[in-house]
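Undergrad: Need a 3D model of the following:
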Amino acid sequence: MSLQKKDFIEIEFTGRLKDTGEIFDSNVKEELDKMHIYQGHKDDHVHETKPLLYCLGEGMFLAGVDEYLIGKEIGKYVVGLSSENAFGKRRKELIKMIPIKVFFQHKINPVQGAMLNFDGKMGKVLSVSGGRVLVDFNHPLAGKDVIYEVNVKKIIQDINEKIKGFNNFIFKQDFKFSVDNKKVIYEIPESDKQLKIFIGIFKEKFKEIFGMELEIKGEKEKISNEEKAEKPREGKKETK
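TA: Numbers count the residues shown, from 1 in each chain. This is a model prediction of the structure:
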């Protein structure tokens, strides 16, 4: 079965710089070990690695890799990408000179090499000179040709597994949900209003991927025995 856009697939991958072979991203433990992500003794606690589950061709992974995989079969591939098809060319206009007082106003001490968040945009401090800070807003891998080693392990068919995968990818957590015909109902605690708003932002994306409506319902939270005891009783007033 060939891979199609909007298929949910499970992959293992490793990204390398073409010129040096240096690994910059991976979800394969053996490759992460080479990056020295895990250090210390064998009995030290480490994070488990697991395959990435995502929707093909929907902006959830590098577009150049997705375009290569569409039409392919389950299996292993080596995908070479030029900088234009990977993380883009380096652009001079994305290197900005910013007054140092802007940093001080936000209680930030700019240090050469630091990665900082500027209203949602990541920038690397290139230099600090006098009252000015030179910041590079290019992607750290901009201008680099890369190679991805990809192992497509399987295509996910079960709708519940697809939704769980979507939740973990986008929201980094699981939610209670149920599937009712062409509708998926999420149950979110009544008290978590911000989470409801955040999930609501993705309703159109959800419909685009699954072809289903997303409904968000409040989940009544359980009250502990202690909370029940503290809760004032309602009903008849005491008579003297």
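Undergrad: Spell out which residues make up each domain of the chain.
TA: Under the assignment named as automatic domain parsing, the residue ranges that make up the domains of the chain are 1-90+144-157, 92-136, 174-223.
Undergrad: Can you give me the end-to-end span of the longest one?
TA: Distance between the two ends of domain 1-90+144-157: 12 Å, counting by Cα to Cα, to the nearest Å.
Undergrad: State the number of residues packed around Ser26.
TA: 21 (other Cβ atoms under 10 Å). Glycine gets a C-beta too; all of them are placed from N, C-alpha and C.
Undergrad: What sits closest to it if chain neighbours are left out?
TA: In space, and not counting its chain neighbours, Ser26 is closest to Thr14: 4.1 Å by Cβ to Cβ, 6 or more residues apart in numbering.
Undergrad: What residues are bridge-paired with that neighbour?
TA: Counting by DSSP bridges, Thr14 forms beta bridges with Ser26, Glu149.
Undergrad: Assess the claim that it and Ile23 are in contact.
TA: Yes: Thr14 is in contact with Ile23 according to Cβ atoms under 8 Å; the separation is 6.1 Å.
Undergrad: Need the residues touching each of these two.
TA: With contacts defined as Cβ atoms under 8 Å, 6 or more residues apart in numbering, the residues adjacent to both Thr14 and Ile23 are Glu31.
Undergrad: Determine which stretch of the domains of the chain is the most buried.
TA: For the domains of the chain, the largest average neighbour count (mean count of other Cβ atoms under 10 Å) is found in domain 1-90+144-157, namely a mean of 15.
Undergrad: And the helices in the protein?
TA: Counting by DSSP state H, one finds helices in the chain at the ranges 29-34, 63-69, 100-105, 159-170, 193-200, 203-210, 225-230.
Undergrad: how about TSV for the ones you listed, with distance to Leu56 added?
TA: Written out in TSV, the entries for the helices of the chain read as follows (distance: least, Cβ to Cβ, whole Å):
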stretch	distance to Leu56
helix 29-34	22
helix 63-69	6
helix 100-105	41
helix 159-170	12
helix 193-200	23
helix 203-210	10
helix 225-230	46
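Undergrad: can you tell which of those is closest to Tyr54?
TA: With distances scored as Cβ to Cβ, the stretch of those nearest to Tyr54 is helix 159-170 (5.5 Å).
Undergrad: Using JSON lines, lay out the domains of the chain together with mean pLDDT and distance to Gly165.
TA: Conversion of those to JSON lines gives the following (pLDDT from 0 to 100; distance: least, Cβ to Cβ, whole Å):
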{"stretch": "domain 1-90+144-157", "mean pLDDT": "89", "distance to Gly165": "4"}
{"stretch": "domain 92-136", "mean pLDDT": "92", "distance to Gly165": "25"}
{"stretch": "domain 174-223", "mean pLDDT": "87", "distance to Gly165": "10"}
